[in-house]
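**Student:** Just the structure for this:
(one chain, ligands or ions: 1)
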Amino acid sequence: MSGHVLLVGGTHGNEVNAPWLLRRWQQTGGPPLPAETSLAVTCAIGNPAALAAGLRYLDRDLNRCFRHELLGDPDLCELEVLRARELLNHYGPGGSEPQAVVIDLHSTTAAMGSSLVLYGRRPADLALAAACQFRLGLPVYLHEGDPVESGFLISLWPCGLVLEVGPVAQGVLCPHTLRRTELGVQTLLELLQEAAAGQLRLPEQLRVHRHIANRDLPRSSDGTPRASVHPDRLRSDWLPIAAGDPLFLGPEGPIPLEEGTPGRLATLFANEAAYGEKGIALAVVEQLSLRCLSSWSEALRDVLTGSLASGTVASGTVARSDHPPA
Ligand SMILES: [Zn+2]
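**Tutor:** From the prediction side, this is the model:
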């Protein structure tokens, strides 16, 4: 059977709020679908083994495993690579139960509020992000052109977004995070329903924060940090920063953002706990506005109606599983 929307939570096993919602929806009849929906929604726990262990991952970050050189390497048998293959074999475009759109639900320890993350500029993704920004006012992080960080789950589905909600500590269930995640899912499902019906409304412009660079803390020669993130940046995710503004704070005082990066800059993911091991203290981003195109909505409708035409999905179907069958 083909479906429309795959909701994934627990891609990172120490982000416990979305998996809690998915399991609650299993008990209560499904996620908050729009009335009279024609959408078929499937829920899956991204990394059940890491979730059970309370860890972000066991062998390798699952949300960096969706790269053909990893997936196609027969000698690579790390748990998360196996899980990525399993998810694709089941729910991917060529899988046994293919899904057109994937919404990957994450949380962050950074005080960023709710946001959407886009990997690249696929028209269908842009349509969904722009419509959601229009409806909820959410900021959008456009991750592209990063030579180090790649292999994100949503990148191997025809359309996909990350919903990122924070701040919340790792492993902690938080009522605000649950409510914001639920509101984001509910809105995205409403918008996908409108898109499938050719009724999606886009704003004139999509405002994005485009990835420029990741920044590590200044470090001594032995690797220990010489400074922390500056307190101004801890409460300023999404807000502008200019050359000369304080970025870090060391014993000798503030360390400013250097001259030389053009554009209207901001910072994101300040002090995200999971990024410490990657040597990322925060991301520097550029604020851009993209003119919305009607072709984006058409691309999203094609993704959704293509899946309708290719399967035998009953209206309002909600299929649910914690993980695909072995
Ligand atoms: Zn995550």
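
**Student:** all contacts plus neighbour counts: C-alpha atoms, from now on.
**Tutor:** Noted.

**Student:** Tell me which residue is most central in the chain.
**Tutor:** For the chain, the residue whose C-alpha lies nearest the mean C-alpha position (CA atoms, centre = their mean) is residue 162; its distance is 2.1 Å.

**Student:** looking at this, it is in a strand?
**Tutor:** Yes: counting by DSSP: H, G, I helix; E, B strand; the rest coil, one finds residue 162 located in a strand.

**Student:** So it sits against residue 116, correct?
**Tutor:** Yes: taking CA atoms under 8 Å as the definition, residue 162 is a contact partner of residue 116 at 5.6 Å.

**Student:** show me what contacts the residue of the stretch 51-200 of the chain found nearest the ion?
**Tutor:** With CA to the ion as the measure, the residue in the stretch 51-200 of the chain that lies nearest the ion is residue 106; the distance is 4.4 Å. Taking CA atoms under 8 Å, 6 or more residues apart in numbering, we find residue 106 in contact with 9, 10, 11, 12, 15, 18, 162, 163, 164, 165.

**Student:** near the ion too, which of these?
**Tutor:** residue 12 (CA under 5 Å from the ion).

**Student:** Next step: the contacts of residue 106 restricted to strands.
**Tutor:** For the contacts of residue 106, membership in strands holds for 9, 162, 163, 164, 165, with DSSP state E as the criterion.

**Student:** Can you show me the strands along the stretch 101-250 of the chain?
**Tutor:** 114-119, 140-143, 159-165, 205-215, 228-229, 240-241, 246-250 (DSSP state E, counting those that start in this stretch).

**Student:** how far out from the middle of the chain is the last one?
**Tutor:** This means strand 246-250. The chain centroid and the centroid of strand 246-250 are separated by 28 Å, computed with CA atoms, centre = their mean, to the nearest Å.

**Student:** Give me the next element, helix or strand, following it.
**Tutor:** Stepping forward along the backbone from strand 246-250, the first helix or strand reached (DSSP states H and E) is strand 253-256.

**Student:** Direction included, what does that next one pair up with?
**Tutor:** With DSSP bridges as the test, strand 253-256 is paired with strand 246-250 (antiparallel).

**Student:** State the pLDDT value of the most far-flung residue of the chain relative to its centre.
**Tutor:** Taking CA atoms, centre = their mean as the measure, the residue most remote from the mean C-alpha position of the chain is residue 252, 37.2 Å away. Looking at residue 252, its pLDDT is 95.

**Student:** what helix or strand does residue 88 sit in?
**Tutor:** helix 79-91.

**Student:** For that helix, which outside residues touch it?
**Tutor:** By CA under 8 Å, 6+ apart, the list of residues contacting helix 79-91 from outside reads 6, 46-47, 57-62, 65-66, 70-71, 94-99, 153, 324.

**Student:** Identify those among the residues you listed that sit within helices.
**Tutor:** Among these, the members found in helices (DSSP state H) are 70, 71.

**Student:** Which of the contacts of helix 79-91 fall within strands?
**Tutor:** Those of these lying in strands (DSSP E): 6, 99.

**Student:** are any of the contacts of helix 79-91 buried, and which?
**Tutor:** Of all the contacts of helix 79-91 considered here, the ones buried according to neighbour count by 16 or more other CA atoms under 10 Å are 6, 46-47, 57-58, 61-62, 65-66, 70-71, 97-99, 153, 324.

**Student:** quick one: residue 305 is in a helix?
**Tutor:** Yes: with three-state DSSP as the criterion, residue 305 is assigned to a helix.

**Student:** Distance check, residue 265 against residue 112.
**Tutor:** 16 Å (CA to CA, to the nearest Å).

**Student:** Same question for residue 26.
**Tutor:** Counting by CA to CA, the gap from residue 26 to residue 112 is 29 Å.

**Student:** Equivalent analysis for residue 296, please.
**Tutor:** As judged by CA to CA, residue 296 and residue 112 stand 27 Å apart.

**Student:** Mind checking which of the two has more residues around it?
**Tutor:** For residue 296 against residue 112, the residue with the higher neighbour count under other CA atoms under 10 Å is residue 112, and the figures read 22 against 19.

**Student:** Which residues of this structure lie near the ion?
**Tutor:** Residues of the chain lying near the ion (CA under 5 Å from the ion): 12, 106.

**Student:** Report the beta-bridge partner residues of residue 106.
**Tutor:** For residue 106, the residues forming beta bridges with it (DSSP bridges) are residue 164.

**Student:** Now do it against residue 240, distance only.
**Tutor:** The span separating residue 106 from residue 240 equals 24 Å under the rule CA to CA.
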